[in-house]
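>>> One predicted model, sequence on top.
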Amino acid sequence: MGIRIKGTRFVYYPIPKCACTSLKTAIFEHNGPPKEGRYDENIGVHGWHGYGTYRWERRRLLLRPWLHAFCIIRDPIDRFVSGYRNRIVHHGDLGEVPTINEFALALEEHASANSAVHHHFAPMTEFVGRDPSIFHRIFTLNQLDQIPNYLGVRLNIPRTQEGGPKLTRSHLSDEALGHLQRYYADDYQIWGASLNSPKAERAEES
């Protein structure tokens, strides 16, 4: 679902584990509570009472030529490691906690059986599609502090969903790493260039 930023012509398209909760929280505070729900700490910013995240096929229709769409992307392997740390270990989405390599090698099976795993570990293409050119700006995760200037509004972007052990991609075995590279092959092919492209690096005029 595209999220309009009040008082601007910008619309944000979220991807789980790409500063999604942090930016949704900041936008929610800027926009004010939506008519269909009222924010409180028990509801949060996701789902029916906050800002949902739906598959691209439902959200692409919200794009309008007078709006500037933007998103935040992340290296798919780093995104997977972050998801494992926070969702699997910290939040316990699976109940039991497999090792990071066990989880990586069985990712498809876990995603098929568990909706939370499917949501947080689905390829980025399921959330922002397969055509980077439709986005006015593509941010990388380390450019989060540039977003308020880009939007021209004051946003207090908190650091959220950081719970979990301090793991990195170096903890992945060669077998697990290769499996993930194949699983996220489309993300690397379609969005990989944007991770280091001029469009991702420069602060464009709004």
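Alright, I've got the coordinates.

>>> CA only for contacts and neighbour counts going forward, please
Fine.

>>> what pairs with the lengthiest strand in the chain, and is each one parallel or antiparallel?
Ordering each strand of the chain by length in residues (DSSP state E) puts strand 68-73 first. Strand pairing for strand 68-73, determined by DSSP bridges: strand 10-13 (parallel), strand 137-140 (parallel).

>>> quick check: mean pLDDT across the last one?
Which is strand 137-140. Per-residue pLDDT over strand 137-140 has a mean of 95.

>>> Now do the helix or strand following it: which elements does it pack against?
Of the helices and strands lying after strand 137-140 in sequence (DSSP states H and E), the nearest is helix 147-151. For helix 147-151, not one helix or strand is in contact under the criterion 3 or more C-alpha pairs under 8 Å, 6 or more residues apart in numbering; DSSP states H and E.

>>> Could you list the buried residues of helix 147-151?
By 16 or more other C-alpha atoms under 10 Å, the buried positions in helix 147-151 come out as 147, 151.

>>> Rounded mean pLDDT for that helix, please.
Helix 147-151 shows a mean pLDDT of 95.

>>> let's number from 606 now, not from 1
Okay, residue one is now 606; in that scheme the one you just asked about reads as helix 752-756.

>>> and the longest helix anywhere in the chain, what does it pack onto?
For the chain, the longest helix by residue count, based on DSSP state H, is helix 625-636. Of the remaining helices and strands, none touches helix 625-636 by 3+ C-alpha pairs under 8 Å, 6+ apart.

>>> follow-up on the earlier one: list the buried ones in the longest strand of the chain?
Going by neighbour count (16+ other C-alpha under 10 Å), the buried part of strand 673-678 is 673-678.

>>> Double-check that Arg764 belongs to a helix.
No - under DSSP: H, G, I helix; E, B strand; the rest coil, Arg764 falls outside any helix and is assigned coil.

>>> Tell me how far it lies from Arg614.
To Arg614, Arg764 is 25 Å away according to C-alpha to C-alpha, to the nearest Å.

>>> For these two, work out which one has more neighbours and name it.
Comparing Arg764 with Arg614 by other C-alpha atoms under 10 Å, the one with more neighbours is Arg614, at 14 against 11.

>>> what are the phi and psi angles of the nearest residue to that one once chain neighbours are set aside?
Closest residue in space to Arg614, ignoring its immediate chain neighbours: Leu672 at 5.0 Å, by C-alpha to C-alpha, 6 or more residues apart in numbering. Main-chain torsions, Leu672, degrees, to the nearest 10: phi -100, psi 150.

>>> quick one, what contacts Leu672?
When contacts are counted by C-alpha atoms under 8 Å, 6 or more residues apart in numbering, Leu672 touches 614-616.

>>> Export the longest strand of the chain to PDB, keeping only CA atoms.
Coordinates of the C-alpha atoms in strand 673-678 are reproduced here as PDB (Å, rounded to 0.1, in the frame of the first residue of the first chain):
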ATOM      1  CA  HIS A 673       6.500  11.200  -6.400                       C
ATOM      2  CA  ALA A 674       6.900   7.600  -5.300                       C
ATOM      3  CA  PHE A 675       9.900   6.600  -3.300                       C
ATOM      4  CA  CYS A 676      11.100   3.500  -1.500                       C
ATOM      5  CA  ILE A 677      14.000   2.200   0.600                       C
ATOM      6  CA  ILE A 678      15.900  -0.900  -0.500                       C
END
